[in-house]
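Peer 1: Sequence and predicted structure, then a few things I'm wondering about:
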Amino acid sequence: MARRPRHVLALLPAAALALTALAGCATSTNSGGGTTDGGIKLVKEGKLVTCTHLSYKPFQYTDGDKTVGFDVDLVDLIAKELGVQQEIFDTQFETITSGASFNANQCDLAAAGMTIKEERKQSIDFSDPYFEASQALLVKKDSPIKTLADLKGKKIGVQLDTTGEIYANENKAANGYEVIQYEDLPLMETAVRTGAVDAAINDNGVLLDYVKEFPDTAVSAEFDTNEQYGIGIKKGNTALAEKVNAVLKKAKDDGEYDKIYEKWFGKKPEKK
């Protein structure tokens, strides 16, 4: 996910931050708003606007002129329940986790392969968890690197503002590697293939998908970080949060969630 470095964001006033979130998008989604039959207020009449940051395959990415993915299909279920259509709003990840996109009325919710974290809960609310993830290590195929310890004196790529970056920095001193930051997932993945870094770390779901498309790479290790994804919602929007949770529960109960999961990951989710 493309991320503006944190030290730059800290210098931006609120108004400028709102404008920054619009970069790469034609128009703001705030056109007067609307209300569903159930009384849930939306930022755009007849639409459920989803903030995300592309590309984060297979959760959300561009295929031709459409945005598709696991998260997209799940939010489509929510939009259907509300009697509206989903609309994607592509923005910087920090404007989602900081709550700036919600405060600027750019979207109703956010689905971005986003881990539920306590510090993020200070700015936005989350749905119930809908996906479990861990961190994984991406390397060139046949690389001898199997652990973080194997990276001593080498370079590891991370994506800005991700839990992978946090994990890499937490273990940097103990393993003696250099952390190299990239603003989005594709740049980080490409850096492994070109040899700019010796390995890279990110969520297992996206990296396991990547190695299928690029067999000259491999996932050499996974780290049990016990992460769970949640759908982001504006702080205090309990009506929408309750609806989102109800739809997610129904999808898991009636098997629709399993169908969507199998569509994007080639297998059904493990039952616990």
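Peer 2: Noted; the coordinates are in hand.
Peer 1: tell me the contacts of S127?
Peer 2: The neighbourhood of S127, defined by C-beta atoms under 8 Å, 6 or more residues apart in numbering, consists of 230-233, 241, 244-245, 248. (Each C-beta comes from the backbone N, C-alpha and C, glycine too.)
Peer 1: Let's see which of those end up in helices.
Peer 2: Counting by DSSP state H, the members of the contacts of S127 that fall within helices are 241, 244-245, 248.
Peer 1: I'd like the distance between the closest residue to K155 other than its chain neighbours and T217.
Peer 2: The shortest distance from K155 to any residue that is not its chain neighbour, by C-beta to C-beta, 6 or more residues apart in numbering, is 4.4 Å, and that residue is V197. Counting by C-beta to C-beta, to the nearest Å, the separation of V197 from T217 is 12 Å.
Peer 1: which one of these two has more residues nearby?
Peer 2: Applying other C-beta atoms under 10 Å to V197 and T217 shows that V197 carries more neighbours, namely 25 against 20.
Peer 1: Need the pLDDT of the more buried one.
Peer 2: Looking at V197, its pLDDT stands at 98.
Peer 1: Does it touch A191 like I think?
Peer 2: Yes. The pair V197 and A191 passes the contact test of C-beta atoms under 8 Å, sitting 4.7 Å apart.
Peer 1: list residues touching both of the two?
Peer 2: Both V197 and A191 are in contact with 157, 180, where contact means C-beta under 8 Å, 6+ apart.
Peer 1: any chance you could map the strands in the protein?
Peer 2: Along the chain, counting by DSSP state E, strands occupy 34-35, 41-42, 47-52, 61-63, 66-68, 85-90, 109-110, 124-126, 131-140, 155-159, 178-182, 199-203, 217-229, 232-234.
Peer 1: Just send these back as a markdown table, with distance to I260 too.
Peer 2: Shown next, in a markdown table, are the strands of the chain (distance: least, C-beta to C-beta, whole Å):
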| stretch | distance to I260 |
| --- | --- |
| strand 34-35 | 26 |
| strand 41-42 | 23 |
| strand 47-52 | 15 |
| strand 61-63 | 15 |
| strand 66-68 | 12 |
| strand 85-90 | 14 |
| strand 109-110 | 17 |
| strand 124-126 | 19 |
| strand 131-140 | 11 |
| strand 155-159 | 25 |
| strand 178-182 | 29 |
| strand 199-203 | 18 |
| strand 217-229 | 14 |
| strand 232-234 | 19 |
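Peer 1: just so I know, which of these lies nearest Y257?
Peer 2: When the strands of the chain are ranked by proximity to Y257, the top entry is strand 131-140, at 9.7 Å, counting by C-beta to C-beta.
Peer 1: So what touches that closest one?
Peer 2: With contacts defined as C-beta under 8 Å, 6+ apart, strand 131-140 is touched by 70, 113, 115, 145, 148, 163-164, 167, 189, 192-193, 195, 198-205, 207-208, 210-211, 216-229.
Peer 1: cutoff 7 Å now
Peer 2: Residues from elsewhere that reach strand 131-140, judged by C-beta atoms under 7 Å, 6 or more residues apart in numbering: 115, 145, 163-164, 167, 189, 192-193, 199-205, 207-208, 210, 216-225, 227-229.
Peer 1: Throw together a ChimeraX command that grabs the buried residues out of these.
Peer 2: Selection of buried members from the contacts of strand 131-140 for ChimeraX, criterion 16 or more other C-beta atoms under 10 Å:
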select :115,145,163,164,167,189,192,193,199,200,201,202,203,204,205,207,208,210,217,218,220,221,223,225,227,229
